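next one to model:
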Amino acid sequence: MINLFEIKKEDMEQIYIWFSDTEFLKYYDYYPPNPLKKADVDKMFNYYKESGKSKVFAVRKDNLLIGVAGFDDIIKENQVATLFIGLGNENERGKGYGRKTMRLLLEYGFENLDFHRIQLNVLEFNDKAIALYEKCGFKKEGIFREFALRDGNRYNLILYGLLRNEWIK
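Residues are numbered from 1 along each chain as shown. Coordinates of the predicted model:
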């Protein structure tokens, strides 16, 4: 069973490994996939915790930590946020856990955090993520052309959004 939990101190050792893995980072974010040092990961997760603009969860399958997911760039006054998911445990990818995680995040965002709009960004080569987002009802809203440089090639960043009244529970 997939659930979202608060990140525990003991989770950080696994999270450090994921954020030092260039293959994980290639799909996780649009920033260059450069391995992060523990201090940089701590700084990022401390920002998530302290800023009031983020809500980040540990994704667990039963008791096994398989990823991180949540909301960033929360603007409470506008009731909007940017969603992200990163399944770091390679053995648990491709088993439908991303979809289950997305369902939990959308429910939490729309029902508990009272968001009107949830948005996300994805690089055009991340076909599996794009298919998931579209299955969940996200609408393609725009493209930042040739936004990211990966292995000498330029890739578009695709912008997606989902409004509360479009959300299918």
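
can you give me the helices for the chain?
12-18, 22-28, 38-50, 97-107, 127-135 (DSSP state H).

list the buried residues in the longest one.
What it means is helix 38-50. V41, F45, Y48 (16 or more other Cβ atoms under 10 Å). C-betas here are computed from N, CA, C, even on glycine.

leaving out sequence neighbours, find the closest residue to the first one.
On the basis of Cβ to Cβ, 6 or more residues apart in numbering, the spatially nearest residue to V41 that is not a chain neighbour turns out to be F19, at 4.8 Å.

does that neighbour really touch L36, like I thought?
Yes - counting by Cβ atoms under 8 Å, L36 is a contact partner of F19 at 4.4 Å.

between those two, point out the one with more neighbours.
Neighbour count, other Cβ atoms under 10 Å: between F19 and L36, F19 has more, with 23 against 19.

would you put the C-alpha positions of stretch 154-165 in CSV?
C-alpha atoms of stretch 154-165 as CSV (Å, rounded to 0.1, in the frame of the first residue of the first chain):
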residue,chain,number,x,y,z
ARG,A,154,18.1,21.0,-26.0
TYR,A,155,14.8,20.0,-24.6
ASN,A,156,11.4,21.7,-24.1
LEU,A,157,9.9,22.1,-20.7
ILE,A,158,6.2,21.4,-20.8
LEU,A,159,3.8,23.1,-18.4
TYR,A,160,0.7,21.3,-17.2
GLY,A,161,-2.1,22.5,-14.9
LEU,A,162,-5.2,20.9,-13.2
LEU,A,163,-8.0,22.9,-11.8
ARG,A,164,-10.1,21.6,-8.9
ASN,A,165,-13.3,21.4,-11.0
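
average pLDDT across it?
For stretch 154-165, mean pLDDT rounds to 98.

next one: that stretch to chain centre, how far?
Centroid displacement of stretch 154-165 relative to its chain, using Cα atoms, centre = their mean, to the nearest Å, is 13 Å.

repeat for stretch 85-97
12 Å.
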